[in-house]
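> Provide a 3D model corresponding to the input given below.
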Amino acid sequence: MSMNDPLGDLLTRIRNGQQAAKETISAPFSNLHENVCKVLKDEGFVRDYKVEALENNKKNIVVYLKYAEGRGVIRKIDRVSKPGRRIYTNVKDMPRFYNGLGILVLSTPQGVIADSKARAANVGGEILCQVF
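Below you'll find the model as predicted:
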């Protein structure tokens, strides 16, 4: 069965894993998934991630979820740009999520980066998701 929104599936797995107090979650590998997990790790929303090889030349990405005081660090994680409606922004019109406490993950010409780095580099792009 084909999947229409693989990134939305990854975000839902992370959200459900934290609600169920799981230590790790596993998802199918893609370069976009790896880049989004790298941004989440750099911003302190997940502990770590790793890519593990499976049989038949397939890979999985394993995300180690992060908890603070018995509660998930990620309080809200939502997909913004969906396959049916893409959302793009430039630097001037880039919204702030929870007054700068949350982050936006953007796909830019310089790669997948957080909104703070996009503002510093003066680039815009597609808003993939928002995390708080």
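
> Residue 5 is in contact with residue 30, correct?
No: shown here, residue 30 and residue 5 do not form a contact pair, counting by CB atoms under 8 Å, at 11.9 Å. Every residue, glycine included, has its C-beta placed from N, CA and C.

> Give me the distance from stretch 31-44 to the chain's centre.
The chain centre lies 6 Å from the centre of stretch 31-44; the measure is CA atoms, centre = their mean, to the nearest Å.

> Buried residues in the helix ranked longest in the chain, which are they?
Ranked by residue count, the top helix of the chain under DSSP state H comes out as helix 6-19. Of the residues in helix 6-19, 7, 8, 10, 11, 13, 14, 15, 17, 18 count as buried by neighbour count, 16 or more other CB atoms under 10 Å.

> Extract the residue ranges of the chain that are flagged as low pLDDT.
The model of the chain has pLDDT under 70 over residues 1-2.

> any chance you could map the helices in it?
Counting by DSSP H, the segments of the chain that form helices are 6-19, 31-42, 115-121.

> so the longest one versus helix 31-42, what angle?
Spelled out, that is helix 6-19. Interaxial angle, helix 6-19 versus helix 31-42 (axes from the mean of the first three to the mean of the last three CA atoms, to 10 degrees): 40 degrees.
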